[in-house]
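[1] I need the structure of the sequence given here:
(chains A and B)
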Amino acid sequence: AQTVTQSQPEMSVQEAETVTLSCTYDTSESDYYLFWYKQPPSRQMILVIRQEAYKQQNATENRFSVNFQKAAKSFSLKISDSQLGDAAMYFCAYRSAIRADKLIFGTGTRLQVFP
Amino acid sequence: ETGVTQTPRHLVMGMTNKKSLKCEQHLGHNAMYWYKQSAKKPLELMFVYNFKEQTENNSVPSRFSPECPNSSHLFLHLHTLQPEDSALYLCASSQESLVLNSPLHFGNGTRLTVT
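    Numbering: from 1, shown residues only, chains lettered A, B, ... in the order given. Below is the predicted model of the structure:
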């Protein structure tokens, strides 16, 4: 069974600095998608970025980028120029082509941003 | 107005009560999901509906009963719950449940407390 591991329960960063959140996953499949979701205090999970396993180029969305290492099964999220509004829980998630209706989440990393 | 709306936002119920959670999506999606979010645990998929048909029941106890009358509405009927069922219940929708790159859009959740 696939698993997603986020080894950092909490992280902190100074405003305007850069922070990287780690995520590893375990799978024997070759076709899948990876996602990062953000959950602010409003509780709504918001999609931050997604990466297709077949694409070697790392996805980028404004200040958010990923470092996707398929062989190492690693999918880290880099937040550049951190802002106070980035403070939230961040969840890494895996979705396979075989069971596309089942999004598997990690336990999350709480990110604090200090002014 | 958010794309996925959940009501109520908070719910406190006794173990003998019967209550229902409601979810409505305004995104024209065809798949809807119920997730359970407990502290320090990964989100747990409970139910999936694709074009109003239930396609996943992730070994959920029968005290949770889903209903999907149409592609825009999803209910979770609750009866004789246990204190360990206290959690945040998140509803989500996507274009279709088996489209790999179709992201999930989440509501703000219902915080359920069982006393």
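[2] where does chain B have its least confident helix or strand?
    Of all the helices and strands that make up chain B, the one with the lowest confidence by mean pLDDT, DSSP states H and E is strand B:53-57; it has a mean of 86.
[3] quick check, it touching chain A?
    Yes - using C-beta under 8 Å from any C-beta of the partner chain, strand B:53-57 comes into contact with chain A via B:Thr55, B:Glu56. Using the backbone N, CA and C atoms, a C-beta is placed for each residue, glycine as well.
[4] what helix or strand is the residue sitting nearest the centre point of chain B on?
    Per C-alpha atoms, centre = their mean, the C-alpha nearest to the average position across chain B is that of B:Trp34, at 2.8 Å. Take DSSP states H and E as the rule and B:Trp34 turns out to sit in strand B:31-37.
[5] that strand: which residues count as buried?
    Judged by neighbour count (16 or more other C-beta atoms under 10 Å in any protein chain shown), strand B:31-37 contains these buried residues: B:Ala31, B:Met32, B:Tyr33, B:Trp34, B:Tyr35, B:Lys36, B:Gln37.
[6] re the thing from before, now the least confident helix or strand of chain B: buried residues?
    Applying a neighbour-count criterion of 16+ other C-beta under 10 Å, the buried positions in strand B:53-57 are B:Glu56.
[7] elements contacting it?
    Packing contacts for strand B:53-57, counted by 3 or more C-beta pairs under 8 Å, 6 or more residues apart in numbering or on different chains; DSSP states H and E, involve strand B:44-50.
[8] if I pick A:Ile98, what's in contact with it?
    By C-beta atoms under 8 Å, 6 or more residues apart in numbering or on different chains, the residues touching A:Ile98 are A:Glu29.
[9] let's go with 10 Å and repeat that
    When contacts are counted by C-beta atoms under 10 Å, 6 or more residues apart in numbering or on different chains, A:Ile98 touches A:Gln2, A:Thr27, A:Glu29, A:Asp31, A:Tyr32, B:Leu100.
[10] near chain B, which residues of chain A?
    By C-beta under 10 Å from any C-beta of the partner chain, the residues of chain A that approach chain B are A:3-6, A:9, A:31-33, A:35, A:37, A:39, A:42-47, A:50, A:52-53, A:89, A:91-93, A:95-108.
[11] can you map out the strands along chain B?
    In chain B, the strands defined using DSSP state E lie at B:4-7, B:10-13, B:18-25, B:31-37, B:44-50, B:53-57, B:64-70, B:73-79, B:87-94, B:105-106, B:110-114.
[12] how about the third one, which residues are buried there?
    By that I understand strand B:18-25. By 16+ other C-beta under 10 Å, the buried positions in strand B:18-25 come out as B:Lys19, B:Leu21, B:Lys22, B:Cys23, B:Glu24, B:Gln25.
[13] re earlier: turn the strands of chain B into CSV, columns for distance to A:Leu84.
    CSV is the format used below for these (distance: least, C-beta to C-beta, whole Å):
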stretch, distance to A:Leu84
strand B:4-7, 26
strand B:10-13, 26
strand B:18-25, 30
strand B:31-37, 24
strand B:44-50, 31
strand B:53-57, 38
strand B:64-70, 38
strand B:73-79, 34
strand B:87-94, 24
strand B:105-106, 22
strand B:110-114, 24
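[14] quick one, strands of chain A?
    With DSSP E as the criterion, chain A has strands spanning A:3-5, A:10-14, A:19-21, A:24-26, A:32-39, A:46-52, A:60-61, A:64-69, A:74-79, A:88-96, A:104-105, A:109-114.
[15] quick check, central residue of chain A?
    For chain A, the residue nearest the mean C-alpha position is A:Trp36 (3.3 Å; C-alpha atoms, centre = their mean).
[16] for the closest residue to that residue other than its chain neighbours, give me its contacts.
    If you skip the residues right next to it in sequence, A:Trp36 has A:Val48 as its closest partner in space, 4.4 Å away by C-beta to C-beta, 6 or more residues apart in numbering or on different chains. With contact set as C-beta under 10 Å, 6+ apart, A:Val48 has these partners: A:35-38, A:59, A:61-62, A:64, A:66, A:77, A:79, A:86, A:88, A:90-91.
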